[in-house]
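Enquirer: sequence unavailable; structure follows:
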């Protein structure tokens, strides 16, 4: 059974940093695609970042502030978030797909998210 578990969220002041982790079980990151998504209160879920075959993709709203990376040995994908803003407040999720070009509906194995709260 494929399972993804996001962790690392918390409360941080604006301008601060957090590193989220997406731990994969049942699959190997090698050859797979992992995407990070977020859902703010009262808003729809949106893509944040994606990593696949060594290539990284970012939403315009986080480009230059967030960095996605992987540790294949640990089967973990990280999302380093720097320069956090109050508008980054959301529940963050990770999910898997066949490629970063996949639509959000094509991503699967959604795990429980992790809450990031950025205070002003």
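Expert: Now that the structure is in, tell me what you want to look at. No experiment lies behind these values; they were computed from the predicted model shown.

Enquirer: model confidence for the spatially most central residue of the chain, exactly?
Expert: Most central in the chain under CA atoms, centre = their mean is residue 36, positioned 2.6 Å from the mean C-alpha point. With respect to pLDDT, residue 36 scores 98.

Enquirer: tell me which helix or strand comes right after the strand or helix carrying it.
Expert: Per DSSP states H and E: residue 36 is located in strand 33-39. Remark: after strand 33-39, the chain's next helix or strand is strand 46-52, criterion DSSP H and E.

Enquirer: now the angle from that next one to strand 33-39?
Expert: Inter-element angle recorded for strand 46-52 and strand 33-39: 170 degrees (by axes from the mean of the first three to the mean of the last three CA atoms, to 10 degrees).

Enquirer: immediately after strand 46-52, which helix or strand?
Expert: strand 55-58.

Enquirer: I would like the residues contacting that following strand, please.
Expert: Strand 55-58 is contacted by residues 48-51, 66-69, 100 when judged by CB atoms under 8 Å, 6 or more residues apart in numbering. Placement of C-beta: from N, CA and C, glycine included.

Enquirer: how far is that strand from where the chain is centred?
Expert: Centroid separation between strand 55-58 and its chain, computed with CA atoms, centre = their mean, to the nearest Å, is 11 Å.

Enquirer: I'd like the average pLDDT over it.
Expert: For strand 55-58, the mean confidence score works out to 96.

Enquirer: and what of stretch 73-83?
Expert: 95.

Enquirer: return the set of buried residues in that stretch.
Expert: 75-79, 81 (16 or more other CB atoms under 10 Å).

Enquirer: again with stretch 113-120
Expert: Within stretch 113-120, the residues scored as buried using 16+ other CB under 10 Å are 113-114, 116, 118.

Enquirer: ok, stretch 58-67 next?
Expert: In stretch 58-67, the ones that count as buried by 16+ other CB under 10 Å are 58, 62, 66.

Enquirer: if you skip the residues just before and after it, what's nearest to the last one?
Expert: The shortest distance from residue 66 to any non-neighbouring residue, by CB to CB, 6 or more residues apart in numbering, is to residue 81 (5.1 Å).
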